[in-house]
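[1] Turn this into a model:
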Amino acid sequence: MMPMRRPLCTYCLFFAAVMFVIVLCVPPPAFSLGGWAGEETVLQGSVTQKEESEKGQVLYLTDVTFCDGDFQHLQIENMGVICYMESNEESGGDLPALGSYVQISGTVQEFSMATNPGEFDMKEYYQISGYHFRVVGGKTDALLSEGSPWKEGLYRLRKYLEKQADAVFGEASSVLSAMLLGDKKGMDAEIKELYQVAGIAHVLAISGLHVSILGVGLYKLLQRLAMPVWACSFIPLGLLVCYAQMTGVSVSTVRAVTMFGFFLCAKYFRRTYDLLTAMSVAAVAISLWNPYHLRSSAFWLSFMAVVGISVFAPALTEGLEQKLNRLAGLSKKTRMRVLAGLKSLITTFAVSIFTMPIVLLFFYELPLYGFLLNLFVVPLMTFLFIAALVALLLGCIWLPAGQWIAGICSGILWFYEILCRSSLLLPFQNGAWGKPAPMAIAGFYLLTAWIIYEKKIKHSYWSKWVILLCAICILGIKAPAPLTMTFLDVGQGDGICIETAEGYVCMIDGGSSDKDLLWEYQLEPFLKSRGISRVDYWFVTHPDADHCSGLLQMWEPAVAEVPGKGISVGCLVLPDAASIREDAADLIRLAEANGTEVVYLSSGEALYLDEIYLYCHHPETGNSAEDKNAYSLVLSLHYGAFDVLFTGDVTAEGEGEILRRGSLASEVMDGGGMVSEVMDGGGMVSEVMGGDGMAFGVMDGGGMVSDGTWEILKVAHHGSRFSSTESFLQEISPMLAVVSCGAGNSYGHPHDETLQRLHAAGSTILTTPEYGAIVVEVRREGREMTVYGYLESLE
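    Numbers count the residues shown, from 1 in each chain. All right, here's what the predicted structure looks like:
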């Protein structure tokens, strides 16, 4: 029997794999405050982390217990709480020392959870980190035990260095403080966004590069000083442990420090350092520290980058030297230089490609030219880090000397910014690929594993690149999708996305009165998770903020200045009311500035998108109502036997006008459930506008085609009692009624009277506060409908 190669690596990887399966099947325990959310409480806990900035003071407590008897049922083992302190404490504003045990009073709240596809789940994120609730308006009632001098000393050192960094680096201090000290709180939002979109955000994280420079540099220095082996090994390790504690103990830092510690142990015991074994030991260490970190993007990006460098890149470069040796006319020295350059290029490319599924899984988009930028960024990072570190340390001794070296750092950062902004001007820079399916990710890594194995069986060099191309294509393949409608949870507002099987995308509204950053936190993540980078038609039923605030935010100059950040819109569709150009002036101006065509729609007009069409029931052309709700667009979508009605914020008077016009009336259906030709003129339409595939038309005779059954009604005005009248509901008798409103809103939506009328009409009521986003999938020409909620399954 052959001996096992890398036994420690094998055992550690097996252990980590088992832990991953466990945490994948058993998510972090979800704790709910229930009716106690928003109540005053008193709690005790150990201070493990704290933050002080212009935005306020924050304490991170672990091993928390509630002192208030009403909260005794919430006692959780190893519970963590984040406390947002009052700005002015009687103690003078100083926070308790790290490691101290304190008593805090304040208002306990839950973290917000994701209620839409693609939305960041703050509750799960903090639970993975070990924090279950938050306290606002916190006050330190008592200091029950003293803190840790070591931890508090490192914290004070960090605050001192941050202050010195401001003086030394000036405007560049926010970026360099993040690189050196892990302080991202004060980072310029535009620069952070720019780095992310361009694909170089990794330079802001404390990672293996920082650990290698500090650790290896000190190790070699001690060797030159003829220090004993134990001192050369354990002094750098101790320094790095302190550095990790000072910079926040991130997953990537723990991974890097653990691997470097393994390297030092190999040196001390005179054994060969094996990178894969060190990486597997680090994975086990992190899974034992907190197994739920195995669900985080930081864990997978950090470890996959190491695998990409150590395993995947060598597999791609295998045989490259033999290829170069066949080139005539090149000297050996030239070939070696070309080989080194190609290996550097391929290594950067390999890391980008190997982490691609992870990036798409968590962030839904891929910076196409990121690996090219990293060819310039990564080599300069070593020099930038060393220069910034020297500048900071010199600045602590003599400020002018530090500022002189800081000028070099500013020059490199300026070069980074130029690279990023230039890359964003290139075509297809940051397309939304969407969230890949688990089978696509598995297929990608199976093919890359084949490439790694192929290095040993010495197949054709170029076949590896063909296999890699197939792996990338697998990630981009999308299974045929049915007609899909998503009623997004936007709080007190409306936002509906329609995706047709043919690839058309329509949005109806996209606004909220209680979510200030709707575009950034809900709409954009949803669209990009679905792989949508262009909306063909964006209908705004009326220009109230709760129906268009997200669209306005997308077109704001601050977002538009970062190319590739927004979603392009082909056509903005507004109601053809008399005052619409005045009421929607900002919306129209921003649309035209972003190259979006503006169209005005009125009753009787329709939009045809292959097998589906959208028909406008309201308002009539030139509607003169002063109330914006009164001229709200009312649209219906029809796909074979499937019918859905979108009512915006239409009033009872508007519903009455629709009933009087008879546009909701049933027409003749053929025996197969398909639409028969019942329109005047043989079902022909008279085209009223065109261009770019646009197919708006006017129904001859004004009649609608329906089988008499409306499958879905989007309830008007968030469930207000002044809409959804009894006569209107009796006319359509919807199977499902979807209400979009904010949880616990001050308007009392949906109103009890409205719910009673919907029940009387035989409708099943679904609300976004209860179910989150509500997704409807329609197949078989409208004969099969699947409905599910993001938060709760539907019976």
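[2] For the rest of this, base every contact and every neighbour count on C-alpha atoms.
    OK.
[3] The nearest residue to residue 647 once chain neighbours are set aside: neighbouring residues, count only.
    In space, and not counting its chain neighbours, residue 647 is closest to residue 634: 4.5 Å by CA to CA, 6 or more residues apart in numbering. By other CA atoms under 10 Å, 24 other residues sit near residue 634.
[4] Grab the nearest non-local neighbour of residue 215.
    Residue 215 sits nearest to residue 236 (CA to CA, 6+ apart), 5.4 Å away.
[5] which residues sit in contact with the one you found?
    214, 215, 216, 218, 219 (CA atoms under 8 Å, 6 or more residues apart in numbering).
[6] That one is in what secondary structure piece?
    Assigned by DSSP states H and E, residue 236 falls within helix 229-246.
[7] Give me the helices and strands touching the helix with the most length in the chain, please.
    The longest helix of the chain (DSSP state H) is helix 370-397. Judged by 3 or more CA pairs under 8 Å, 6 or more residues apart in numbering; DSSP states H and E, helix 370-397 is in contact with helix 149-169, helix 173-181, helix 208-224, helix 332-354, helix 399-423.
[8] roughly how far out does it sit from the chain middle?
    Computed by CA atoms, centre = their mean, to the nearest Å, the chain-centroid distance of helix 370-397 equals 28 Å.
[9] And that helix, what's buried?
    For helix 370-397, the neighbour count (16 or more other CA atoms under 10 Å) marks 370-375, 377-378, 381, 384-396 as buried.
[10] What lies in contact with stretch 178-191?
    53, 158, 162, 174-175, 177, 203-206, 246-248, 385, 388-389, 417.
[11] Of those, keep whichever come out buried.
    Here, 16+ other CA under 10 Å leaves 158, 162, 174-175, 177, 203-206, 246-248, 385, 388-389, 417 buried among the contacts of stretch 178-191.
[12] Was I right to think residue 768 contacts residue 739?
    Yes. Using CA atoms under 8 Å, residue 768 is in contact with residue 739, at 6.5 Å.
[13] tally of neighbours for residue 711?
    Residues near residue 711, counting by other CA under 10 Å: 19.
[14] and it, what does it touch?
    Residue 711 touches 642, 643, 644, 734, 735, 736, counting by CA under 8 Å, 6+ apart.
[15] Nearest to residue 120 among the residues you listed?
    Among the contacts of residue 711, residue 736 lies closest to residue 120 (CA to CA), at 28.4 Å.
[16] From residue 541, how far out is the closest one?
    In this view, residue 736 and residue 541 are 21 Å apart by CA to CA, to the nearest Å.
[17] okay, the two: which has more neighbours?
    residue 541 (30 against 20).
[18] A strand includes the more buried one, no?
    No. Residue 541 is assigned coil when assessed by DSSP: H, G, I helix; E, B strand; the rest coil, not a strand.
[19] Give the closest residue to it in space, chain neighbours not counted.
    Going by CA to CA, 6+ apart, residue 541 has residue 633 as its nearest residue, at 4.4 Å.
[20] and that neighbour, how many neighbours?
    Residue 633: 30 neighbours (other CA under 10 Å).
[21] Would you mind confirming that it makes contact with residue 542?
    Yes. Assessed by CA under 8 Å, residue 633 is found in contact with residue 542 at 6.8 Å.
[22] Domain map for the chain?
    34-147, 296-366+436-476, 483-789 (automatic domain parsing).
[23] Can you check which of those gets nearest to residue 228?
    Shortest distance between residue 228 and these, using CA to CA, is found for domain 296-366+436-476: 30.5 Å.
[24] end-to-end on the closest one?
    23 Å.
[25] Which of the helices and strands in this structure ranks last by mean pLDDT?
    strand 685-687 (a mean of 31; mean pLDDT, DSSP states H and E).
[26] what do residue 633 and residue 542 both touch?
    Residues touching both residue 633 and residue 542 (CA under 8 Å, 6+ apart): 574, 575, 648.
[27] Now the first one: closest residue in space that isn't a chain neighbour?
    Nearest non-adjacent residue to residue 574, counting by CA to CA, 6+ apart: residue 600, 4.8 Å away.
[28] what about the one you found, helix or strand, and which?
    If you go by DSSP H and E, residue 600 is part of strand 597-601.
[29] Residue ranges in this structure under the pLDDT threshold?
    1-4, 30, 34-35, 69-76, 88-93, 328-329, 455-460, 557-566, 666-708, 793-795 (pLDDT under 70).
[30] Please tell me how far the closest residue to residue 166 other than its chain neighbours sits from residue 163.
    Nearest non-adjacent residue to residue 166, counting by CA to CA, 6+ apart: residue 173, 5.2 Å away. Distance, residue 173 to residue 163, by CA to CA: 9 Å.
[31] more neighbours, the two?
    Counting neighbours by other CA under 10 Å for residue 173 and for residue 163 shows that residue 173 has the greater number, 24 against 14.
[32] now that one: how far from residue 184?
    Applying CA to CA to residue 173 and residue 184 gives a distance of 11 Å.
[33] next one: residue 278
    Taking CA to CA as the measure, residue 278 falls 29 Å from residue 184.
[34] For these two, indicate the residue with more neighbours.
    Neighbour totals were compared for residue 278 and residue 184, and residue 278 leads with 21 against 17 (other CA under 10 Å).
[35] Does anything pack onto the helix or strand harbouring the more buried one? Which helices or strands?
    Following DSSP H and E, the helix or strand that holds residue 278 is helix 275-289. Helices and strands touching helix 275-289, by 3+ CA pairs under 8 Å, 6+ apart, are helix 7-25, helix 251-268, helix 297-307.
[36] can you rerun that using 7 Å?
    In terms of contacts (3 or more CA pairs under 7 Å, 6 or more residues apart in numbering; DSSP states H and E), helix 275-289 is packed against helix 7-25, helix 251-268.
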